[in-house]
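In: Let me see the structure of the following:
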Amino acid sequence: KTVMNMATFAGNVPYCYTGPVRPPALVARDLQAAILQLYAEFLSEDGSSVDYRGMAMSESFQEYVCMTAELQTVELRSLTTNEIKAFMLNVYNAGVIHGYVVVGPPDASIKGSIAAFFGNTCYQIGPHIFSLDDVEHGILRGNQVHPTLGTRFFPEGDPRAELAIPLDPRIHCALVCGATSCPPIRIFDVDNLEKGLALAATSFC
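Out: Numbers count the residues shown, from 1 in each chain. The predicted structure is shown next:
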């Protein structure tokens, strides 16, 4: 999964960040804030649809894409469990919208389309490539054994497995899929994580 193929969209790999190295929490927070502003700007008045094509052509989106290069400087191994959780929630939700803009939403009528989108939409974070599936199942869901495949998402020896955190069931209520029916996009940090997840779970039910 660390090797990209022709079907993989790695949103920030073509870009190189040359600015100062900042704390991971600030990087993820700023990306999430930028994508949240874009989402609001291109959401229809009745809230029923998002103009992803218009978003793709906007100057604001191009600025966001350049911002994602900063993820390449992030060092995750020193973060606490809650810091990783907040960081990955923000990056995942921003990455879903980014993928929708560039490659389009998955078509549920096409077999494998959804799996391909979440398995191939990626960011380089530090030295490693993380797909949306890597973030959700490998990190946020604790790299648990897959009930169907019988194997862990990150195999033995994969350095990304060191970042896996204990599963918090409430993350399901905080991850967005890009549809207007998904949970509201929130910006998470260590200070608001518990309250934000509790609110997401309550709103989801």
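
In: in a helix, that's where residue 123 is, yeah?
Out: No. Assignment of residue 123 by DSSP: H, G, I helix; E, B strand; the rest coil gives strand, placing it outside any helix.

In: Pairing partners for it in the sheet, please.
Out: Counting by DSSP bridges, residue 123 forms beta bridges with residue 130.

In: Do a quick rundown of the helices in this structure.
Out: Using DSSP state H, the helices of the chain run over 24-41, 52-56, 59-67, 81-103, 113-120, 132-133, 193-204.

In: any idea which of those is most buried?
Out: helix 81-103 (a mean of 23; mean count of other Cβ atoms under 10 Å). All C-beta atoms are positioned from the backbone trio N, CA, C, and that covers glycine.

In: How many neighbouring residues does residue 18 have?
Out: 7 (other Cβ atoms under 10 Å).

In: Repeat that for the one 3 residues further on.
Out: Residue 21 has 11 neighbouring residues, counting by other Cβ under 10 Å.

In: hang on, it packs against residue 71?
Out: No. Counting by Cβ atoms under 8 Å, residue 21 does not reach residue 71; the two are 11.5 Å apart.

In: anything in contact with each of the two?
Out: Applying Cβ atoms under 8 Å, 6 or more residues apart in numbering, one finds that no residue jointly contacts residue 21 and residue 71.

In: Let me know the pLDDT of residue 50.
Out: Residue 50 carries a pLDDT value of 89.

In: doesn't residue 40 make contact with it?
Out: No. Residue 50 is beyond contact range of residue 40, at 9.7 Å (criterion: Cβ under 8 Å).

In: Stretch 71-91 spans what distance, first to last residue?
Out: For stretch 71-91, the first-to-last residue distance is 9 Å (Cα to Cα, to the nearest Å).

In: Use 6 as the first number from now on
Out: With the count now opening at 6, the last piece we talked about shows up as stretch 76-96.

In: Thanks a lot, catch you later.
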